[in-house]
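1. give me coordinates for this.
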Amino acid sequence: MCCFLAHLSAQEARDSLKCFPAQISVFHPVGTHGRQSVDYTYNFSLNIFTGKVGGIRGLQVSGLWSDFEGDTHSVHGIQIAGLASSTVNIKGIQIGGLGYVEGNMKGIQIGGLSTVFDNMKGIQIGGIGNLVENMKGIQIGGLANGARKMEGVQISGLNYNITTFKGLQIGLVSINDTIEKGISLSLVNITKRGFYREWGLSFSDYSHVALNYKMGIQKFYSIYTIGANFMDDNLWMVGLGFGNRTPIGNRFAFQPELVSYYYFPTNFKNVQSTFSTHLKFGFVYRITEKYALSLAPSVYVMNAKKDSNPDSEFYKVSPFDALYTNDRNNRQITIGVGISLGLVFCKSIGKKYMNF
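-> Numbers count the residues shown, from 1 in each chain. From the prediction side, this is the model:
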């Protein structure tokens, strides 16, 4: 280890700080270099509680807190702290209960809460969440991600971007000013510029009447559905899915959608597990600026499981016969086709999205 550190310390520093292989401190300024530790760049730094150094070219470990002082300091390597790590620029890996970078970060940052005040390129993982000014890479947060500008993959319960988002976004709720390029796979998808929302009343063989709400952007939006089916069984239906709307000329639009429905009886008795997933190939015809008619043939796969009562029957959802049926051990899988007609009310917000 000593030979390795001595070899690293022989490299010429990129700043005006002195180079030294290693330092140990209990808490600043109690350590091998005392108050002068801020004038050195180290290959290895161990701070039992807290410490201050000028820079790191290697590894730094702190039981509680590590800090840096001066305008030229930086970290190239690995920085680990129990509570927090702070620095101006870091290239490498930073791990801390609270990950904190005052300047720029290139590499991997892992913390209960990870924060970069300027630019981040790499991977940012926060148990609670992540905050960054400009992000390029992958951002994963347990509860929330926040950025001014994001390019890459963003995954969290809540994703919030102040200006621009490019890439893939996955979450429960995502809020963006602008999705410049990419999609947001979120249950609630709010976009300030180019926001698209649509209300619809539909009638289909698999849901005799249903109310649909769609929100997001035209390129990719979330779908929420509630309806009823009055075949042999009186059933409620709830649905969740995603879709795309692509204009074709002035009055027509192609609207493919993937929606999964769950059926249960209106009296909430003898509930069976019945799911039906439809791939729809919808077409929309605009009547006025806000109203339109829709036609959506679909193919579906239904997975149903009967309750423990041997005399119970599978729910009959559609009057159309299935193309394929497989019954086994109180479970039924069917494949078939369906069709839906609807009246649509649509409103888009933002430049070049005003027209239906």
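
2. show me where the stretch 201-350 of the chain dips below the pLDDT cut-off.
-> The stretch 201-350 of the chain contains residues with pLDDT under 70 at 307-311, 347-350.

3. mind listing the strands for it?
-> 209-217, 220-230, 234-243, 246-248, 252-265, 273-286, 291-305, 324-328, 331-349 (DSSP state E, counting those that start in this stretch).

4. just put those strands in TSV and tack on distance to residue 26 and mean neighbour count.
-> For every residue, glycine as well, the C-beta is placed using N, CA and C. TSV is the format used below for the strands of the stretch 201-350 of the chain (distance: least, C-beta to C-beta, whole Å; neighbours: other C-beta atoms under 10 Å):
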stretch	distance to residue 26	mean neighbour count
strand 209-217	54	20
strand 220-230	54	19
strand 234-243	56	18
strand 246-248	65	12
strand 252-265	59	18
strand 273-286	61	18
strand 291-305	63	17
strand 324-328	69	10
strand 331-349	59	17
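
5. residue 139: which of those is closest?
-> strand 220-230 (19.1 Å; C-beta to C-beta).

6. report the angle between the closest one and strand 252-265.
-> 50 degrees (axes from the mean of the first three to the mean of the last three C-alpha atoms, to 10 degrees).

7. could you dump stretch 262-271 to CSV, C-alpha only?
-> Provided in CSV are the C-alpha atoms of stretch 262-271 (Å, rounded to 0.1, in the frame of the first residue of the first chain):
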residue,chain,number,x,y,z
TYR,A,262,-59.9,-5.5,-14.0
TYR,A,263,-63.5,-6.7,-13.5
PHE,A,264,-65.4,-7.2,-10.3
PRO,A,265,-69.1,-7.6,-9.4
THR,A,266,-71.2,-4.5,-8.6
ASN,A,267,-72.4,-6.1,-5.3
PHE,A,268,-68.7,-6.9,-4.4
LYS,A,269,-69.6,-10.5,-3.6
ASN,A,270,-67.9,-13.7,-5.0
VAL,A,271,-65.1,-11.6,-6.4
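
8. got the domain boundaries for the protein?
-> 2-191, 195-349 (automatic domain parsing).

9. what angle sits between the host helix or strand of residue 146 and strand 209-217?
-> Using DSSP states H and E, residue 146 sits in strand 144-191. Using the same axes, to 10 degrees, one finds that strand 144-191 and strand 209-217 are set 120 degrees apart in direction.

10. strand 144-191 packs against which elements?
-> Applying 3 or more C-beta pairs under 8 Å, 6 or more residues apart in numbering; DSSP states H and E, one finds that strand 144-191 makes contact with strand 104-141, strand 209-217, strand 220-230.

11. name the residues linked to the spatially closest residue to residue 321 that is not a sequence neighbour by a beta bridge.
-> Excluding its sequence neighbours, the residue lying closest to residue 321 (C-beta to C-beta, 6 or more residues apart in numbering) is residue 336, at 7.4 Å. Beta-bridge partners recorded for residue 336 (DSSP bridges): residue 300.

12. I'd say residue 336 and residue 317 touch.
-> No. Judged on C-beta atoms under 8 Å, residue 336 makes no contact with residue 317 at a distance of 9.4 Å.

13. so what sits against both of those two?
-> Common contacts of residue 336 and residue 317, defined by C-beta atoms under 8 Å, 6 or more residues apart in numbering, comprise residue 302.
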